[in-house]
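Give the three-dimensional model of this entry:
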Amino acid sequence: MPHRQQQSDWVPLDDDYNMVDEMSVPRDYYVDKPPTAQYIPDEEGNDKGIQLNDIQEGLFDFRIQAEPILQVLVGKALEHGRIEVIEEHEAYQLKAHKKNFKQNKEAMLMVTQQVEAARERREDEIKRRNQQLRVATVVAGAREKRQMARHFAQQWLTGWKNDNLRVLRDQGCLRSRRDYSLQGEYLPQLQRQIIQDMLGLEQEVKDVTSLVSDMAARKAVTHKQAILREFQRRADKAQAEQEAKDGAAAAKARRIERRMCLREQVRVGEVQEQITDEIYPNAAHDAEYSASVPIYDVRDYDDERAPGICTFGGFIGELLIVLTSIEQSIVSSNTEAYGFKFDAAQISTLLTEIFTEAAYPTNICAIKIPKELLNEDEQGEPLDRKAQIVGEKLLSSSNHGQFGMRFLIDTSKTEWGIVTENLIRETFIAMATIHYKEAEELVAVPEEDPENEDPKLEEKQDAAVA
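Predicted structure coming up:
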């Protein structure tokens with residue numbers, strides 16, 4: 001049996017974890033030290049120095065005086081040398097002891113491994129022989145059972161008649177190899193092959209039928225979609241034609257109504273001119289018309305002036321407060337108008353209609369500013385750009401000369417402000433647009449001719465009026 005190398009469960013016999021470096025262990029020797037001499041102070045008196053060699057030669061001998069010092073130096077040197085020899089001998093002994101201990105430990109480990117390997121080989125051999133014994137026992141039992149069955153069959157068949165074999169063959173119990181092969185293998189396989197071919201043919205017919213049905217269905221769906229698209233195209237075309245007719249009729253009605261409005265405006269203007277030229281000059285007074293109740297800012301009122309109304313920011317401040325109230329009313333009364341805000345175009349149209357339809361005093365809608373807001377470069381900008389610049393600069397309260405307007409602008413940046421900052425900006429932009437816009441000549445109203453009307457006449461008239 002081949003030897004198997006297995007991992008041993010034995011712990012190696014070593015004590016490296018318990019070993020200490022010998023160089024860190026203190027030395028064991030002890031050197032005697034002479035007692036320390038008692039300190040005796042010098043006697044008090046006068047110190048005097050003499051030349052001994054010149055007075056008495058035998059009073060001071062250098063050899064005798066230097067001998068103790070030499071003895072100490074030589075003794076120290078010998079003592080250090082002896083210590084070094086002792087340390088070297090101890091190091092050699094420790095190294096030899098360590099080497100011997102390591103050799104013994106390795107030898108014990110080898111012996112332990114050999115014993116463990118021998119025990120494993122012995123256990124493997126025992127297992128193998130037990131396995132062989134069990135296999136042999138099973139084989140012997142099976143052999144014995146076969147022999148017993150053979151012997152029982154021989155004893156049981158001994159009493160049969162000699163013609164039993166012929167009778168069994170005649171009854172069909174015993175068949176020839178050819179018949180058994182045909183009926184047991186060839187015919188069943190041939191039947192299975194025929195059934196499989198018939199099923200395959202039936203499946204092919206079903207696949208072709210399904211393919212043709214799918215193609216016909218897709219063709220029918222495509223044809224139906226084409227018919228529906230054609231119907232939709234015709235309906236869209238008819239609807240577009242009807243819308244064009246309705247739009248043309250509506251445009252014609254708007255143009256007629258527009259011409260009627262323009263004629264009415266011309267008629268009103270002629271009436272106003274007639275009143276101004278004929279009735280107004282013959283009136284009892286010749287003074288210029290002015291508002292009976294002036295409007296002052298909260299800080300502009302003076303006792304010497306005529307009585308009037310004091311508001312925050314004058315007429316413009318009241319206009320801002322009214323527009324704010326309208327915005328809040330629209331938003332609170334209609335949920336679909338959430339977030340509604342006035343823009344500069346709407347405010348400009350409102351101011352134009354107000355001052356066009358009613359006769360207000362001159363300079364009633366004016367802002368007091370301490371200086372010109374546009375420089376030379378900004379003067380050449382387009383109208384919309386100039387209005388935007390002026391509106392942004394007027395948002396600063398330092399560019400206003402009225403206290404009420406400064407108050408409205410400063411409070412608009414807080415939560416409790418009366419007017420919003422966006423409304424103030426749009427109002428200033430609208431006023432700047434009206435201020436810097438140049439006056440245009442009036443366009444004569446054309447005669448009504450419904451038969452030969454121009455489809456773009458209304459657009460031209462709107463552009464001219466604007």
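
Tell me which helix or strand comes right after the helix ranked longest in the chain.
Taking DSSP state H as the assignment, the helix of the chain that covers the most residues is helix 62-157. Of the helices and strands lying after helix 62-157 in sequence (DSSP states H and E), the nearest is helix 164-170.

Average pLDDT for that following helix, rounded please.
This predicted structure assigns helix 164-170 an average pLDDT of 73.

Also stretch 115-132?
Taken as a whole, stretch 115-132 has a mean pLDDT of 93.

same deal with stretch 35-49?
In this model, stretch 35-49 has a mean pLDDT of 75.

Can you classify the residue lying closest to Asn422 once chain neighbours are set aside by secondary structure?
Using Cβ to Cβ, 6 or more residues apart in numbering and skipping residues adjacent in sequence, the residue nearest Asn422 is Lys341, 6.0 Å away. Placement of C-beta: from N, CA and C, glycine included. Classification of Lys341 using DSSP: H, G, I helix; E, B strand; the rest coil returns coil.

how close does Lys341 sit to Lys127?
For Lys341, the distance to Lys127 (Cβ to Cβ, to the nearest Å) stands at 98 Å.

Show the contacting residues for Arg406.
By Cβ atoms under 8 Å, 6 or more residues apart in numbering, Arg406 lies in contact with Ser397, His400.

how near is it to Ala226?
For Arg406, the distance to Ala226 equals 73 Å [Cβ to Cβ].

what about Glu185, which SS state?
If you use three-state DSSP, then Glu185 falls in the helix class.

for this structure, what spans make up the helices?
In the chain, the segments counted as helices under DSSP H are 52-55, 62-157, 164-170, 177-181, 187-274, 314-333, 344-357, 376-379, 383-393, 403-411, 421-436, 457-465.

Mind putting those helices into TSV with distance to Glu22?
Compiled in TSV, the helices of the chain are given as follows (distance: least, Cβ to Cβ, whole Å):
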stretch	distance to Glu22
helix 52-55	55
helix 62-157	5
helix 164-170	102
helix 177-181	95
helix 187-274	92
helix 314-333	98
helix 344-357	101
helix 376-379	96
helix 383-393	92
helix 403-411	92
helix 421-436	91
helix 457-465	114
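
out of those helices, nearest to Asn46?
Between Asn46 and the helices of the chain, the tightest spacing by Cβ to Cβ is seen for helix 52-55, at 18.0 Å.

same question for that closest one, mean pLDDT?
Confidence for helix 52-55, expressed as mean pLDDT, is 56.

can you count the residues close to Asp207?
Using other Cβ atoms under 10 Å, Asp207 has 10 other residues around it.

That should have said Leu320, apologies.
By other Cβ under 10 Å, 24 other residues sit near Leu320.

next one: Phe428
Each residue near Phe428 was counted by other Cβ under 10 Å, and the total is 24.

circling back to that earlier point, out of the helices of the chain, the one nearest Pro34 is which?
Per Cβ to Cβ, nearest to Pro34 of those: helix 62-157, 9.5 Å.

can I assume Ile364 is in contact with Glu318?
No: using Cβ atoms under 8 Å, Ile364 is not in contact with Glu318; the gap is 10.7 Å.

what's the distance between Gln388 and Ser24?
With distances taken as Cβ to Cβ, Gln388 is found 90 Å from Ser24.

typed the wrong thing, it's Lys368
Using Cβ to Cβ, one obtains 99 Å as the distance from Lys368 to Ser24.

quick check: domain ranges of the protein?
Taking automatic domain parsing as the domain assignment, the record places the domains of the chain at 58-159, 294-446+459-465.

winner for burial among these?
Most buried of the domains of the chain, by mean neighbour count (mean count of other Cβ atoms under 10 Å): domain 294-446+459-465, with a mean of 15.

excluding its backbone neighbours, what's nearest Thr420?
Leaving aside its sequence neighbours, Thr420 sits nearest to Ser412 (Cβ to Cβ, 6+ apart; 6.0 Å).

What sits closest to Met405 if chain neighbours are left out?
Nearest-residue entry for Met405: Gly313, 3.9 Å, with adjacent residues in sequence omitted and distances by Cβ to Cβ, 6+ apart.

is it true that the one you found touches Asp410?
No: taking contacts as Cβ under 8 Å, Gly313 lies outside contact range of Asp410: 11.6 Å.

where are the low-confidence patches of the stretch 201-350 of the chain?
Applying pLDDT under 70 to the stretch 201-350 of the chain flags the ranges 279-310, 312, 333-340.

If we use 80, what do you get?
Applying pLDDT under 80 to the stretch 201-350 of the chain flags residues 267-269, 271-319, 327-345, 347-350.

Check the residue nearest to Thr420 and give its pLDDT.
At Ser412, the pLDDT recorded in the model is 72.

need the contact list for it.
By Cβ under 8 Å, 6+ apart, Ser412 lies in contact with Ile418, Val419, Thr420, Glu421, Ile424.

how near is the last one to Leu323?
In other words, Ile424. Computed with Cβ to Cβ, the distance linking Ile424 and Leu323 is 10 Å.
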